[in-house]
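Participant: Sequence below, structure please.
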Amino acid sequence: LHDILDYHQVATKDQVVEKFLKLHPQYLERSLFRGLPSVICPGAQEMLSWLIRENENSSLPKFQLGLITGNSRPNALLKLRGAGIDTGIFDLAISSFGDSHHNRLSLFQDSLSKLQARFGSHIRAKDVLVVGDTPLDVECAKQAGCSVVAVATGNYKMEELASLKPNFCCSQLTETKEYLLQAAF
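Facilitator: Alright, predicted model coming up:
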């Protein structure tokens, strides 16, 4: 939205963004109500269930599950619920959304700051794993200095994502189990 408004040199950009962020969740709610649900990526529910079990089977949670998305907070949560995902599994206090930052790297840095505030300044970018399905997700993770798993469940093929040299590349989220068990997270 910011890029489109900048391209068209909209002078009232802040007002347009504010109005869009207010109205768009209502549009999504109507779409969901009309039977146009979000579609869950193959293996996503299974992977989330596995991560929850891994945390439950450990004296200390192994994984802190947060969200970093260009979607606004209301839109992201609506999309997840629309796909049948329980949003309660995500720690929203460490998550960052596009309505507070419109730059991916800023979203990551915001979440890292939240993790450091909660767990201590010893938490570094290298302690974080980003899972994404676009070249921009991979590039952001690399710029931030964290590990990245590229999952070809979106608009990009495995070959395209693998060419960016993520730490791990796969076609379904369930394929990341082995990587997570071997990696030092």
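Participant: give the contact list for the residue nearest to residue 112 when sequence neighbours are not counted.
Facilitator: Distances taken as Cβ to Cβ, 6 or more residues apart in numbering place residue 125 nearest to residue 112, at 6.1 Å, with adjacent residues excluded. Every residue, glycine included, has its C-beta placed from N, CA and C. Contact analysis of residue 125 by Cβ atoms under 8 Å, 6 or more residues apart in numbering lists 108, 112, 144-146.
Participant: Over to residue 2?
Facilitator: So residue 2 contacts 13, 17, 102 (Cβ under 8 Å, 6+ apart).
Participant: among those residues, which ones are buried?
Facilitator: residue 17 (16 or more other Cβ atoms under 10 Å).
Participant: Could you pull out the buried residues of stretch 18-36?
Facilitator: 21, 24-25, 28, 32.
Participant: So which of these sit within helices?
Facilitator: In this view, these that belong to helices under DSSP state H are 21, 24-25, 28, 32.
Participant: any idea which of the residues you listed is the one closest to residue 119?
Facilitator: Within these, proximity to residue 119 (Cβ to Cβ) peaks at residue 21, which comes in at 30.0 Å.
Participant: Contacts only, for the closest one.
Facilitator: Applying Cβ under 8 Å, 6+ apart, the residues near residue 21 are 72, 99.
Participant: in what helix or strand does the residue lying closest to residue 135 once chain neighbours are set aside lie?
Facilitator: Closest residue to residue 135 apart from its sequence neighbours, by Cβ to Cβ, 6+ apart: residue 164 at 5.8 Å. Here residue 164 sits in a region with no helix or strand, counting by DSSP states H and E.
Participant: any idea how far the residue nearest the centre of the chain lies from residue 91?
Facilitator: Per Cα atoms, centre = their mean, the C-alpha nearest to the average position across the chain is that of residue 68, at 3.8 Å. Noted for residue 68: a distance of 12 Å to residue 91, by Cβ to Cβ, to the nearest Å.
Participant: For this structure, which segments are assigned as helices?
Facilitator: 2-7, 13-33, 44-56, 73-82, 104-119, 135-144, 158-162, 176-182.
Participant: between those, which one is nearest to residue 97?
Facilitator: Taking Cβ to Cβ as the criterion, helix 73-82 is the member of these that comes nearest to residue 97, at 4.2 Å.
Participant: In stretch 3-20, which residues are buried?
Facilitator: 5, 16-17.
Participant: which residues touch it?
Facilitator: For stretch 3-20, the external contacting residues (Cβ under 8 Å, 6+ apart) are 1-2.
Participant: cutoff 6 Å now
Facilitator: residue 1 (Cβ atoms under 6 Å, 6 or more residues apart in numbering).
Participant: Perfect, I'm done here.
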